[in-house]
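1. predicted model and sequence follow; I will ask about them next.
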Amino acid sequence: MNEQNGMASRFKQALQEAEQARDPKPVASLFSKEAELTNLGGDHGHGAEAFWRIYLDQFREVRSEFTGEVVSDHAAALEWQSQGTTAEGKPVEYRGLSVIEFDGKNVTSFRTYYDSAVFVRSEASAKLSSSEATR
């Protein structure tokens, strides 16, 4: 296994461990202290551990499966599908793409792009249900 495929594989395995244990440490430990993490779906805190804790807290349970990847010397684009249950108890299934950049030892940048509409629909449904219950 070459170095770049090694980092992509380590990231995928660490994310799945974090999801299963509901603990951000396995995946957060791969990031450098100066790493930039971006989630276009919303604010996920500052620093890798805070970012991944906020991600995990959106769900009662979640499982990501990786469906494709493109890897270069210092970056990887990872396609994935996730399914689980939101913190509010609603089933959720969505897919996206994450781009990781690395320096050989650590992840230095993480950007994720996904269909955030599933979360908007979930929030809108929760608001509608609570307003109907108060009538």
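-> Cool, got the structure.

2. the nearest residue to residue 95 once chain neighbours are set aside: what's it in contact with?
-> Distances taken as Cβ to Cβ, 6 or more residues apart in numbering place residue 81 nearest to residue 95, at 4.4 Å, with adjacent residues excluded. Yep, even glycine has a C-beta here, placed from its N, CA and C like the rest. The contact partners of residue 81, taken as Cβ atoms under 8 Å, 6 or more residues apart in numbering, are 64-65, 67, 93-95.

3. show me where this structure has its helices.
-> For the chain, helices defined by DSSP state H occupy the ranges 3-21, 25-28, 48-57, 117-133.

4. can you give me the neighbour number for residue 95?
-> By other Cβ atoms under 10 Å, the residues close to residue 95 number 15.

5. out of the contacts of residue 81, who's the most crowded?
-> Counting neighbours by other Cβ under 10 Å, residue 64 leads those with 20 neighbours.

6. who touches it in this structure?
-> Counting by Cβ under 8 Å, 6+ apart, residue 64 touches 15-16, 19, 80-82.

7. now the buried members of those.
-> With burial judged by 16 or more other Cβ atoms under 10 Å, the buried subset of the contacts of residue 64 is 15-16, 19, 80, 82.

8. weakest of the helices of the chain by average pLDDT?
-> Mean pLDDT is lowest for helix 117-133 among the helices of the chain, at a mean of 56.

9. pLDDT of stretch 73-80, averaged?
-> Averaged across stretch 73-80, pLDDT comes to 96.

10. quick check: buried residues in it?
-> By 16+ other Cβ under 10 Å, the buried positions in stretch 73-80 come out as 75-78, 80.

11. look up how far residue 31 lies from the residue sitting nearest the centre point of the chain.
-> Centrality entry for the chain: nearest residue to the mean C-alpha point is residue 55, 6.0 Å, by Cα atoms, centre = their mean. Distance, residue 55 to residue 31, using Cβ to Cβ, to the nearest Å: 13 Å.
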